[in-house]
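A.B. asks: just coords:
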């Protein structure tokens, strides 16, 4: 084992303190009246509709279109997927087949000053139907809208998967954001036929999102490998949005907004304060309890638990650059409670083990070393099973294009639509983050701290670890 | 709990060993009681799914001035005879204040809506109530979601059984895995029984309770299995029952201490929520507390005892085959 010195304790504590401080406070840089957020703090947490309330929008098919029950269900799924793609994983979507309406409720965005509910609602109700067409001709329909006219080559249903990537289209151009399409078998043959027909001609293939033409490249060679790329002055964000819209699919009919309202939280106004108050009291009591029971390892456990709670906050705000962040809902809080509970458990298991090993007459150093080693197998197995649970839930109820969902939705959950259910996802997300933090804080950091503290002369007393005086 | 002292060969552990394996009757009584409680609860309360899982009616009214949604809730509940949710809001386009009543009665027809509207308008005469919207929501996606949840939980249980079978193979992993899931089942029954008996709605939060108990219960059982696995190496000559009894006794302090922290956390949430009046959160904290209490018990008794019973029968069968 590598050497753990006296200074290790201070380094670990400093890391945890810095991490906690930054994840709670965040890091903003105010420049004039614009604020740039480098690290998101507690204020940037997006709260779920059950805790904070949000927007309630009612849609119905445009022009009195009579949608069937299955079309309404399909539209409901697509709207759910779009909400998830927007990072709004908790939402309520209801359909009413008698009045042909769809009611969508979603929470306010964090920092709601610049949140435009009308724009968000409009984005949800957009058809987002992707078409590849021959030529670029348009015509004007009865309502005066300009709509594309060219013969359809490909539709959304011909596409297996869309992705957004940053790449150089040819050797001389600068790299740019593009949307990369993988076609399914029906798409491959249609696209091959159309591209071989148009190859070398001046007729382009135009790519449309609803009635908006994204680009109209000319075809140089027949494309038979089933891949297609959409270019068109994308930013990373707009490329992602287009890819998400294509993956989410088109609504089976055009929708208009009947009403847009705000709505109060399901749990009642101010319920978050009650939960926070309860959490603060509970944490305080657990801290006292741990310190009284386990003394020095108990103090270390409290520091580790603070780090773990901060880590859970960081996971939700999206502090870690590689994570997207999530919405905090009551089920999400349940995930945190479970993970922190397991963190407390890990510390109790180790604390008990240290006591036990000391009672068998081992020296302090070896008692600590052996206690952490033996406690680890229990903590490992207990936490790993929870990783499985979290991953299965995130896969089953996450955004359909995400990694776990791709695997699970094509196997176990084949019979179901690839639905995104935000609140279960939210639970899985906080649980997974918490379990990972458990290994970092509850196992690794606390071992470093206890081992390091035991090197100090003043902390050599076995009583501090719950052992008998030799 | 009666304490029987045993003194097997145990170099690693000098504390008291309680006879957990001898509590077959106790666990049988507890399992049956929980199950009966659940059935009774279901019979008393019937179908208590919330609107997203059952479908129902949502009525929106606009109003002016001030009005308390809890007053509205009381009046609507008097008229309809079922529990409803009232949420306040505002029309983004017109700025009108409004409230939405959600109820799970699917056949709340125009006549009854008119009756309710008349009653509300009379009660809140100065608020100038106007009917804004009435929708009957269906629950196709809600039902599919519940079904998918069940599949997800079963799948998770299978994965857990396989994991336990592999990691605990030196003490007969398959049966251990099955028994841990059986213990979990008891905890879920306990939580659901409490949820039904208290009349809490079956909502998204209930799903969260089930998932939390799933994680907690399995972790609890595994910590005890871990001790048994370790004892197998330290006490190679001991019988399985001795290993189980020793393992459970060694884990007893840890089990109780961990449970005190988790259960008291839920108790604190329950108390704060009661004082502050957010009764909708009780449907989350109270069943979860029941599941946690049950989880402590089942991990110490149900899982090890059923497992010892299973292994005992295996032995008898083998002996009979010879």
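C.D. replies: Good, I have the coordinates. Remember, predicted model here, so these are calculated numbers, not experimental data.
A.B. asks: do you know the pLDDT at residue A:166?
C.D. replies: pLDDT for residue A:166: 86.
A.B. asks: actually residue A:28, sorry about that
C.D. replies: On the pLDDT scale, residue A:28 gets 67.
A.B. asks: ok, residue B:106 next?
C.D. replies: pLDDT for residue B:106: 69.
A.B. asks: ok, residue B:10 next?
C.D. replies: Value for residue B:10, per-residue pLDDT: 43.
A.B. asks: do residue B:174 as well
C.D. replies: 90.
A.B. asks: isn't it up against residue B:165?
C.D. replies: Yes. At 4.7 Å, residue B:174 counts as touching residue B:165 under the criterion of CB atoms under 8 Å. C-beta coordinates here come from the backbone N, C-alpha and C atoms, glycine included.
A.B. asks: is residue A:268 in a helix, a strand, or coil?
C.D. replies: With DSSP: H, G, I helix; E, B strand; the rest coil as the basis, residue A:268 sits in coil.
A.B. asks: what's in contact with stretch B:113-126?
C.D. replies: B:57, B:59, B:61, B:63, B:65, B:67, B:71-72, B:75-76, B:79-80, B:129, B:131, B:134 (CB atoms under 8 Å, 6 or more residues apart in numbering or on different chains).
A.B. asks: now do the helices in chain A.
C.D. replies: A:7-25, A:49-52, A:69-85, A:117-125, A:185-198, A:236-248, A:271-317, A:330-359, A:364-397, A:403-409, A:422-437, A:446-453 (DSSP state H).
A.B. asks: next: the stretch 1-150 of chain B.
C.D. replies: Counting by DSSP state H, counting those that start in this stretch, one finds helices in the stretch 1-150 of chain B at the ranges B:24-45, B:51-54, B:69-80, B:110-123, B:140-167.
A.B. asks: who does the first one touch, helix- and strand-wise?
C.D. replies: What that stands for is helix B:24-45. Applying 3 or more CB pairs under 8 Å, 6 or more residues apart in numbering or on different chains; DSSP states H and E, one finds that helix B:24-45 contacts helix B:173-197, helix B:302-321.
A.B. asks: for residue A:53, grab phi and psi.
C.D. replies: phi 80, psi -180 (degrees, to the nearest 10).
A.B. asks: for it, which non-adjacent residue is spatially closest?
C.D. replies: Using CB to CB, 6 or more residues apart in numbering or on different chains and skipping residues adjacent in sequence, the residue nearest residue A:53 is residue A:265, 4.2 Å away.
A.B. asks: hang on, that neighbour packs against residue A:90?
C.D. replies: No. Counting by CB under 8 Å, residue A:265 stays clear of residue A:90, with 11.4 Å between them.
A.B. asks: with neighbour numbers in mind, choose between the two.
C.D. replies: residue A:90 (30 against 23; other CB atoms under 10 Å in any protein chain shown).
A.B. asks: pLDDT score for the more buried one?
C.D. replies: Residue A:90 is given a pLDDT of 71.
A.B. asks: what parts of the stretch 51-200 of chain B come near chain A?
C.D. replies: The stretch 51-200 of chain B has residues B:51-52, B:58, B:60, B:69, B:85, B:87-93, B:98, B:100, B:132-133, B:135-138, B:140-141, B:144-145, B:147-149, B:151-152, B:155-156, B:159-160, B:163-164, B:167 near chain A, with proximity defined as CB under 8 Å from any CB of the partner chain.
A.B. asks: show me what contacts residue 174?
C.D. replies: Using chain A here. Contacts of residue A:174 by CB under 8 Å, 6+ apart are residue A:168.
A.B. asks: you answered for a different chain; I wanted chain B.
C.D. replies: B:161, B:165.
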